[in-house]
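Peer 1: build me a model:
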Amino acid sequence: MAELLVAQRHELLLRELEAAGGLKVSELVTRLGVSGATIRRDLADLEAEGRVTRVRGGAMLAMPTPAADVPAAPAPVPAAPTRALGLLVPSATYYYPRVVAGVRAAAAERGARIIIGLTDYARPDDLTQIEELRAAGAAGLLVTSAGGPLVPESTLERLRECGLPFVLLERQPQDRYGPYEFVASDHRQGAVAAVRHLAELGHERVALFTNGSPTAAQIREGYAAAVELLGLDPAAPVQDSGQPSPGAAEAAERHDRFVEACLAGGVRAALVHSDHDAIELMRRLRGRGLRTPDDLALIAYDDEIAALADVPLTAVAPAKHELGELAARLLLDRLDADEPPAVRQMTLQPRLIVRSSCGAVPTREP
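Peer 2: Residues are numbered from 1 along each chain as shown. Prediction:
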């Protein structure tokens, strides 16, 4: 009987996370009427099953789950996978878990398995990982290089030499006319949507804070285009932190400098990449006796833990799961085709999820 109650509680917990996108432990305690220790134990169990991802102070779904009130049909026993897809990503934690989940879902539909290779932003070894994935028996490759959004020619040359079909994932070739398949987020569109939303709320000055990641350059381009398109004040602060270590004195100093520049210039709205930086900026504002969104409206970029902030953050949310699914399907289509299909290049526009931090009425999340 106890196991049944645990299972029921797990389903209720998953249903709450699915509806909200992410919740704090304290919110789950209130909604489920159990202790914080019980919630933390349940989250640990569900994370071990791959159904949730725990983040500081709460949790979010690891991947879409079936509706809790629809009995799940017994899963058919799949045939043993006959081929493997090599997946190269620069991180197994922030941003990419949902991309990987999308790849796995699409591969499972077609009876394929995944071999993952991890490179590193600080010490890229893309070429080595490509060779290791090929040697491990990958029939095709999904590649997210560790550098910027444009894949270096040396990496593309190695991919051509290895002779395996490949699809670039959240990356594009430097040669915009090159015959390479890719699926990537249009982060410029995401930045434009965020700035436009703040302008529609009456802000004539919108600042920008980025964190030196591979996505930052595209966000800056979209921000600049939106400022010009919407006739906003181009003198609003624009700052890139250069990726100092989280919690380092250098990071705190740059967050404080950005807050001071906004206040000095009469700026009351900002787009902030990433969620971590937006949460830290809110903390620095509280230390000054200021509040979000009253004194500085914020929109975060990434939507990994934005919903778990003290003031839930309005956020630009790239379609990470769908990105992984589409890239895997492109590659599998190419592997299955009798004749090579036409080269397909896809860009996905991120969604803007409105919560409390921008000062607008939150919308119901999908």
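
Peer 1: and the strands in the stretch 1-150 of the chain?
Peer 2: 22-24, 52-55, 58-61, 83-89, 112-118, 140-143, 150-151 (DSSP state E, counting those that start in this stretch).

Peer 1: what's next to the next helix or strand after the last one, contact-wise?
Peer 2: Next in sequence after strand 150-151, counting helices and strands by DSSP states H and E, comes helix 153-162. The contact list for helix 153-162, computed with CB atoms under 8 Å, 6 or more residues apart in numbering, reads 126-127, 130-131, 134, 141, 143, 145, 166, 173-175, 178, 180. C-beta coordinates here come from the backbone N, C-alpha and C atoms, glycine included.

Peer 1: swap in 6 Å and give it another go.
Peer 2: 126-127, 130, 134, 145, 166 (CB atoms under 6 Å, 6 or more residues apart in numbering).

Peer 1: what of stretch 167-186?
Peer 2: Stretch 167-186 has contacts (CB under 6 Å, 6+ apart) with 142-145, 149-151, 318, 323, 326-327, 330-331, 343-350.

Peer 1: most surrounded residue in the contacts of helix 153-162?
Peer 2: Sorting these by how many neighbours each has (other CB atoms under 10 Å) puts residue 145 first, at 27 neighbours.

Peer 1: any idea how far residue 301 is from residue 361?
Peer 2: 21 Å (CB to CB, to the nearest Å).

Peer 1: between those two, who's got more neighbours?
Peer 2: Neighbour count, other CB under 10 Å: between residue 361 and residue 301, residue 301 has more, with 32 against 8.

Peer 1: let me see the contact set for the nearest residue to the more buried one once chain neighbours are set aside.
Peer 2: Among residues not flanking residue 301 along the chain, residue 273 sits closest, at 3.9 Å (CB to CB, 6 or more residues apart in numbering). Taking CB under 6 Å, 6+ apart, we find residue 273 in contact with 210-211, 219, 301.

Peer 1: so for residue 273, what's the pLDDT?
Peer 2: pLDDT, residue 273: 96.

Peer 1: about what we covered before: could you dump the contacts of residue 273 to a markdown table with distance to residue 262, pLDDT and secondary structure?
Peer 2: Output for these, formatted as a markdown table (distance: CB to CB, whole Å; pLDDT from 0 to 100; DSSP: H, G, I helix; E, B strand; the rest coil):
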| residue | distance to residue 262 | pLDDT | secondary structure |
| --- | --- | --- | --- |
| 210 | 15 | 96 | strand |
| 211 | 17 | 90 | coil |
| 219 | 17 | 97 | helix |
| 301 | 17 | 97 | strand |
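
Peer 1: of those residues, which is the most crowded?
Peer 2: Result: residue 301 is most packed of the contacts of residue 273 (other CB under 10 Å), 32 neighbours.

Peer 1: wait, that one touches residue 316, no?
Peer 2: Yes: here residue 301 reaches residue 316: they are 4.7 Å apart, a contact under CB atoms under 6 Å.

Peer 1: got any ranges where the stretch 151-300 of the chain has weak pLDDT?
Peer 2: Scanning the stretch 151-300 of the chain for pLDDT under 70 picks out the ranges 244-247.

Peer 1: which residues in it form strands?
Peer 2: 166-169, 172-173, 182-185, 207-210, 238-240, 269-272, 297-301.
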